[in-house]
Structures are given as C-alpha cells and as structure tokens.
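Trainee: only geometry, no sequence info:
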Ligand SMILES: *Cc1c(COP(=O)(O)O)cnc(C)c1O
C-alpha cells in the first residue's frame with residue numbers, strides 16, 4: 001500500500017523532531033549518506049565513533065562551553081534594530097554572530113571540531129577554504145589548541161582573497177595552493193579529502209559547513225545549533241514570545257541550520273533560507289541550489305545541486321564569495337522537501353543595497369553573505385506588515401570593503417555616463 005507523499009513528509013519531519021535523523025546511514029529522508037570511495041569509509045567510521053561517543057559527554061561539553069565563553073565570546077548579543085523596524089514596518093531582531101571571534105559563526109564549528117581532533121588524538125588538522133573565512137577560523141582554533149593546521153585553498157581563491165591568506169599564515173597555518181580541478185573551493189575540498197585518506201589516524205579533516213558525507217552535516221549542525229538555542233532564549237526573554245519568521249543566508253547552510261534548529265518544533269515560526277540569486281536565473285549566474293537545483297551527489301552526500309543537462313556541476317556566481325558553492329547541506333534539502341523551511345533568493349544588487357541600509361540605519365557593517373538574509377527579510381516584511389522577525393547576522397563585512405568599493409565606483413561611473 002502506498003501512502004500519499006504528504007503523510008510521508010509529516011512522518012519524516014516527526015522523525016527529525018524526535019532526534020532520529022540523520023538515521024544510522026546518515027540520511028535525512030532521501031538526502032545525505034556517504035557517497036565516498038572505499039578508502040574513506042574507515043576514516044568516516046572513526047570520525048562517527050568520535051562524534052557520537054565524545055560530543056555528548058560532560059567532559060567534552062565542558063571544554064567546549066569554556067572555549068565558547070572565554071575565547072569565542074558567547075553568548076553573542078541579540079540586538080533590536082529600531083530603524084530597520086520602522087522602515088520595514090516590522091519588529092526586527094539581529095542575532096549577532098559578527099561579534100564572535102574572527103568575525104563570523106564559522107568559529108563555533110572550528111573550535112568544536114578542533115577539540116574533537118584533540119580528543120581523537122590527531123596530530124595535525126587539514127581544512128579547505130574558499131573565500132578564506134573558514135581557513136582563518138580553523139587556523140585560529142588550531143593555534144589556540146596547539147595543533148598544526150594545513151589549509152587547502154584553490155589557486156584562484158588565493159589570488160582573490162590575499163588578506164585572508166596573510167591572516168591564516170600569521171595564525172600559524174600552512175596554506176597549500178590547489179592547482180587542480182576548478183582551482184577554487186570544490187578542488188580544495190577534494191584535495192583536503194585526499195590528504196585525510198592518506199593518513200586518517202593522525203590527521204583530522206575540519207570541514208567548514210554542514211555539507212559532505214555523514215557524519216559531517218550532523219556534526220556541524222550540532223556545533224552551530226548554539227546560535228538558535230541562544231537566540232530563542234534571548235528573544236523569549238526580551239519579548240515573551242517567539243518570532244513570526246526567522247531568516248538566514250544559505251551557502252553550504254551551516255549558519256542557517258544552526259539558527260533554525262531550535263525553532264524546528266515551533267510550528268508557527270516561519271523558517272526562511274536565503275540563497276544567492278547572483279546576477280540572474282540562468283544556470284551559472286547564481287548559487288541558488290535549493291531554489292534552482294536538482295538532486296545529485298557532490299562531496300559525499302546526496303543533496304540538491306546545480307548541474308547542467310550533461311550532469312556537469314555548474315560554475316556558480318555570487319557577489320559574496322561565501323555563498324558561491326554549487327551544493328548545499330542535505331538537511332536543508334530535507335527541510336525543503338518536507339515543507340518545514342522555505343528557500344528564496346536575493347540577488348547581488350539587493351544584497352549590496354542591504355549592506356548600505358544596515359550600515360546607515362543600524363551602525364553595523366554586515367558581511368555580503370549576511371546581506372542576503374537582510375534582503376530576504378526586508379522583502380517578506382513589506383508583504384507581511386507588523387511581524388516580529390529574527391535575522392541571523394552571520395558575520396561582519398570588513399572583509400568585503402574592497403568589493404564594496406569596486407561596486408560603488410562602477411555605479412558612479414554608470415551614473416556619470418551621458
Ligand atoms: C561562510 C559564510 C557564510 C556561508 O556559509 P554557511 O555554511 O551557509 O553558513 C555565511 N555568512 C558568513 C559571514 C560566512 O563567512
């Protein structure tokens with residue numbers, strides 16, 4: 001007997017809320033899993049043992065809480081945004097991950113996995129990075145814990161993100177240029193995996209988002225869930241009520257899943273992930289994996305993915321380097337499938353606009369990635385007047401100042417043209 005798909009979806013969501021997903025095969029319904037070469041299976045099995053065996057222990061949690069409090073600077077503030085509230089006819093609250101050490105949520109994951117590497121007895125850590133933000137967070141966490149850190153970074157990204165390369169080096173990491181494949185993030189992940197396989201007992205692979213083979217999507221979600229737990233408590237304290245809607249930007253999906261998780265069981269809270277709409281809807285012009293993609297396999301997991309008619313993974317585009325990835329974490333594909341979260345896009349122009357508005361109205365320079373969440377929230381607020389809105393302010397925008405300057409110049413030139 002077959003049941004209508006909606007019943008199945010409700011059942012899948014109940015399983016997630018009951019903490020039964022990912023299942024023992026690392027699946028969130030049809031998504032997730034371990035699509036990896038045979039050589040990686042033992043390393044993943046060891047990691048899985050560590051994740052399920054160590055993470056919940058009192059000893060590990062105490063060490064993690066200590067680092068989060070004294071070094072990362074948690075809990076981060078929840079900030080009321082009075083001027084955005086007035087302009088949008090809403091009640092706007094910002095969860096300030098930009099105030100976390102190294103300037104974004106990525107440090108929550110980096111220090112957590114660093115502690116796990118230490119507990120597993122690893123003697124070196126490898127990481128991948130695209131824009132360099134995860135590389136910087138990993139380098140800082142490893143320095144803090146006294147672990148050598150090797151960061152794989154595409155040759156093209158090394159050129160584009162020179163200041164972050166300097167930061168990583170200064171923090172004691174060795175940055176290795178990846179000259180193979182697309183010479184950007186995708187190739188860097190492949191190279192980090194290759195390094196890990198060659199020495200899985202001494203090496204720990206510190207993956208930067210809620211993507212990859214099981215147990216990474218679960219591990220990263222658990223380490224980022226602190227964002228939503230804090231935000232939920234803080235907003236209840238301030239307002240005595242939950243938000244009507246929660247917004248976060250989605251690249252690989254780690255800050256969004258971290259913010260959403262505490263609210264999954266609150267049926268009346270809308271959860272909205274905002275992807276990069278880039279410069280248009282055509283394949284290759286955006287990074288809108290959930291909005292425009294189809295199911296497929298990348299970096300060890302079955303999830304939504306951007307690829308063409310021939311199955312070729314697409315180059316993506318976004319003004320924000322941190323959202324520029326053709327895949328997305330399997331748990332987001334799941335939340336979309338069962339209808340618990342909605343996914344929309346904000347394009348480059350809307351994001352650049354949102355940076356300006358947040359700067360001038362609230363005195364906060366948000367990252368370009370974050371600006372997508374602000375743009376998505378603003379659009380929703382204008383259609384749904386008078387709502388309480390929580391926005392994940394995933395990171396600060398100091399790193400984006402050169403890009404912002406370029407865009408300001410090209411707009412000036414365009415306006416000056418006859
Ligand atoms: C890396 C980054 C993102 C995107 O990564 P997710 O895993 O989707 O969170 C978003 N915001 C900032 C500030 C980042 O540095």
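Mentor: Structure received. Only a predicted model underlies this, so the values are computations on that prediction, with no experimental measurement involved.
Trainee: And the pLDDT at the residue positioned nearest the centre of the chain?
Mentor: Closest residue to the average C-alpha location of the chain: residue 254 at 3.0 Å, with CA atoms, centre = their mean. Predicted confidence (pLDDT) for residue 254: 98.
Trainee: Next: residue 314.
Mentor: According to the prediction, residue 314 has pLDDT 89.
Trainee: residues in contact with the nearest residue to it once chain neighbours are set aside?
Mentor: Distance criterion CB to CB, 6 or more residues apart in numbering; nearest residue to residue 314, sequence neighbours excluded, is residue 306 at 4.3 Å. For the C-beta atoms, the positions are set from N, CA and C on the backbone; glycine is no exception. If you count contacts by CB atoms under 8 Å, 6 or more residues apart in numbering, residue 306 has them with 283, 287-289, 292-293, 313-314, 316, 326-327.
Trainee: Please apply the same query to residue 209.
Mentor: Neighbouring residues of residue 209 by CB under 8 Å, 6+ apart: 109, 134, 220, 251-254, 325, 329.
Trainee: Quickly check the residues you listed for the two that are furthest apart.
Mentor: Using CB to CB, the pair of the contacts of residue 209 lying farthest apart is 109 and 325, separated by 15.5 Å.
Trainee: Wait, a strand at residue 241?
Mentor: No: secondary structure of residue 241 (DSSP: H, G, I helix; E, B strand; the rest coil): coil, not part of a strand.
Trainee: Settle this for me: it is touching residue 388, isn't it.
Mentor: Yes: between residue 241 and residue 388 there is a contact under CB atoms under 8 Å: 7.1 Å.
Trainee: and these two? which has more neighbours close in?
Mentor: Ranked by neighbour count (other CB atoms under 10 Å), residue 241 and residue 388 place residue 388 first, with 18 against 9.
Trainee: List the contacts of that one.
Mentor: Residues counted as contacts of residue 388 (CB under 8 Å, 6+ apart) are 90-91, 93, 235, 239, 241-245.
Trainee: out of those, which one sits closest to residue 266?
Mentor: Among the contacts of residue 388, residue 242 lies closest to residue 266 (CB to CB), at 5.6 Å.
Trainee: Isn't the closest one up against residue 233?
Mentor: No: using CB under 8 Å as the test, residue 242 is too far from residue 233 to be in contact (11.0 Å).
Trainee: so what's the backbone phi/psi at residue 375?
Mentor: Backbone geometry at residue 375, expressed as degrees, to the nearest 10, gives phi -70, psi -40.
Trainee: before we move on, the earlier item: mind giving me the ChimeraX command for buried ones among the contacts of residue 306?
Mentor: Applying 16 or more other CB atoms under 10 Å to the contacts of residue 306, the buried members can be selected in ChimeraX as follows:
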select :283,287,288,289,292,293,314,316,326,327
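Trainee: what does the chain have sitting close to the ligand?
Mentor: Neighbours of the ligand within the chain, by CB under 6 Å from any ligand atom: 104, 106, 133, 209, 249-256, 322-323, 367, 369-370, 394-395.
Trainee: Now, these that are in helices?
Mentor: 106, 133, 254-256, 369-370 (DSSP state H).
Trainee: Of the contacts of residue 388, keep whichever come out buried.
Mentor: 90-91, 93, 235, 243-245.
Trainee: Just confirm residue 296 is within a helix.
Mentor: No: assigned with three-state DSSP, residue 296 falls outside any helix and is strand.
Trainee: which one is residue 348 nearest to, not counting chain neighbours?
Mentor: Spatially, and ignoring its direct neighbours in sequence, residue 348 is nearest to residue 319 (4.1 Å; CB to CB, 6+ apart).
Trainee: actually residue 91, sorry about that
Mentor: In space, and not counting its chain neighbours, residue 91 is closest to residue 388: 4.4 Å by CB to CB, 6+ apart.
Trainee: and the one you found, what are its phi and psi?
Mentor: When read as degrees, to the nearest 10, the backbone of residue 388 gives phi -90, psi 120.
Trainee: Same check on residue 91?
Mentor: phi -120, psi 110.
Trainee: Just to check, it is in contact with residue 391?
Mentor: No: taking CB under 8 Å as the definition, residue 91 is not a contact partner of residue 391, at 11.4 Å.
Trainee: any shared contact partners between residue 241 and residue 388?
Mentor: Contacts common to residue 241 and residue 388, judged by CB under 8 Å, 6+ apart, are residue 235.
Trainee: so how far is the first residue of stretch 51-64 from its last?
Mentor: From its first residue to its last, stretch 51-64 covers 13 Å (CA to CA, to the nearest Å).
Trainee: and the residue in the stretch 251-400 of the chain positioned nearest to the ligand, how far is that from residue 360?
Mentor: Closest to the ligand within the stretch 251-400 of the chain is residue 395: 2.4 Å, counting by CB to the nearest ligand atom. From residue 395 across to residue 360, the span is 19 Å (CB to CB, to the nearest Å).
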